[in-house]
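**Q** generate coordinates for the sequence data below:
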Amino acid sequence: MDGRSVFRAVDAPGLEYLVAPGGSNALEDVYCQPIVEGRLPNIIQDTSEIELCRSMPITKVAPIGSHMSLPIHRADGSVYGMFCCLSAKPKPGLNQRDFDMMGLFA
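**A** A predicted model of the protein is given here:
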């Protein structure tokens, strides 16, 4: 929304200082835009292995070790938002099956 990623629903116990409903970040500071643009994969098992992740402001202030993000599209194909899941620790076992399961909830 206006160049910002706005959090509509959040379930992040202990991280309320970083993400809360109604909170927002500039799109260039978070993973959403690079994922939509194809510069980052939808499934990131270990953010420390990807230079773009390491250099992003959000990775420097938030404990993001792994991340999955699924774009949610409007009927016209434009992106409405993103459904994201993350862990403070790398998750080498994240795979397409996990991503497909996210799709069932999106």
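**Q** tell me the mean pLDDT over stretch 57-69?
**A** If you average the pLDDT over stretch 57-69, you get 89.
**Q** quick check: end-to-end length of that stretch?
**A** Criterion C-alpha to C-alpha, to the nearest Å; first-to-last residue distance in stretch 57-69 is 17 Å.
**Q** isn't Leu15 right up against Ala62?
**A** Yes - using C-beta atoms under 8 Å, Leu15 is in contact with Ala62, at 7.3 Å. All C-beta atoms are positioned from the backbone trio N, CA, C, and that covers glycine.
**Q** among those two, which residue is more densely surrounded?
**A** Higher neighbour count among Leu15 and Ala62: Ala62, with 18 against 14, using other C-beta atoms under 10 Å.
**Q** mind listing what that one touches?
**A** For Ala62, the contact set (C-beta atoms under 8 Å, 6 or more residues apart in numbering) comprises Leu15, Leu18, Val19.
**Q** pick the one among the residues you listed closest to Arg4.
**A** Nearest to Arg4 among the contacts of Ala62, counting by C-beta to C-beta, is Val19 at 13.2 Å.
**Q** pLDDT value on that closest one, please?
**A** Looking at Val19, its pLDDT reads 72.
**Q** ok, Met1 next?
**A** For Met1, pLDDT reads 53.
**Q** then the one 3 residues further on?
**A** Per-residue confidence (pLDDT) for Arg4: 77.
**Q** next, it: phi, psi?
**A** Geometry field for Arg4 lists phi and psi as phi -130, psi 150, criterion degrees, to the nearest 10.
**Q** measure it to Gly22 for me?
**A** Remark: distance between Arg4 and Gly22 (C-beta to C-beta, to the nearest Å) = 11 Å.
**Q** between the two, which one's more packed in?
**A** More crowded of Arg4 and Gly22, by other C-beta under 10 Å: Arg4, with 14 against 8.
**Q** which residues does the more buried one contact?
**A** Contacts for Arg4 were tallied using C-beta under 8 Å, 6+ apart; they are Ser24, Asn25, Ala26, Leu27.
**Q** any of the residues you listed buried? List them.
**A** Taking 16 or more other C-beta atoms under 10 Å as the criterion, what is buried in the contacts of Arg4 is Asn25, Leu27.
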